[in-house]
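In: I would like the atomic coordinates for the input below:
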Amino acid sequence: MKKFLTLILFILISCSNGQKLEDIKNVEYKIKESTKDKDSWKGKYYFEATNRDSAKTIFDITISSLEDITLTVIEEGVKNKYSHLKAEEVDNEKIKITYDNSSDDMGVIYIKKSDNDYFISGNPIYFINPGNNEMPIQKVR
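Out: The predicted structure is shown next:
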């Protein structure tokens, strides 16, 4: 009887440890997937558009990580560079970048990915071409 109880205890401990091991593997997988999703944003993005008045606007964005973004905005020949920006994940497929707090919503853009395509949106984009809230952006690398 003592051997039987020892065997039962051993099986319970083994099953318990097996479940813990499975839980650990699930957590590791989720961390890897989360990291992979964040890494998928890394790259250089380029957007250029001209409004009805022939004024050109360029957004040149480099995402080293969601915690380190450099954004250059050229509007009508005036260049403004913003460094050390952070992105906020709106969801798995969309990030929000606030580059100019003094401009309210005019200093905020969104980048959305859909399969291998990327889109830029936000008030600065809308005012380039009213009626188009979202426009394609090139992921250069």
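In: Point out where this structure drops to low pLDDT.
Out: Scanning the chain for pLDDT under 70 picks out the ranges 1-5, 7-12, 14-38.
In: One more pass at 50, please.
Out: Residues of the chain meeting the criterion pLDDT under 50: 32-33, 35.
In: domain assignment for it?
Out: Domain segmentation of the chain under automatic domain parsing yields 1-39, 42-139.
In: Pick out the residue nearest the middle of this protein.
Out: residue 95 (4.4 Å; CA atoms, centre = their mean).
In: so who does that one touch?
Out: 41, 66, 87, 88, 89, 110, 111 (CB atoms under 8 Å, 6 or more residues apart in numbering). In this view, the C-beta of every residue, glycine as well, is placed from N, C-alpha and C.
In: returning to that earlier point: ranking the domains of the chain by burial, who's on top?
Out: domain 42-139 (a mean of 15; mean count of other CB atoms under 10 Å).
In: Figure out how far that domain is from the centre of its chain.
Out: 12 Å (CA atoms, centre = their mean, to the nearest Å).
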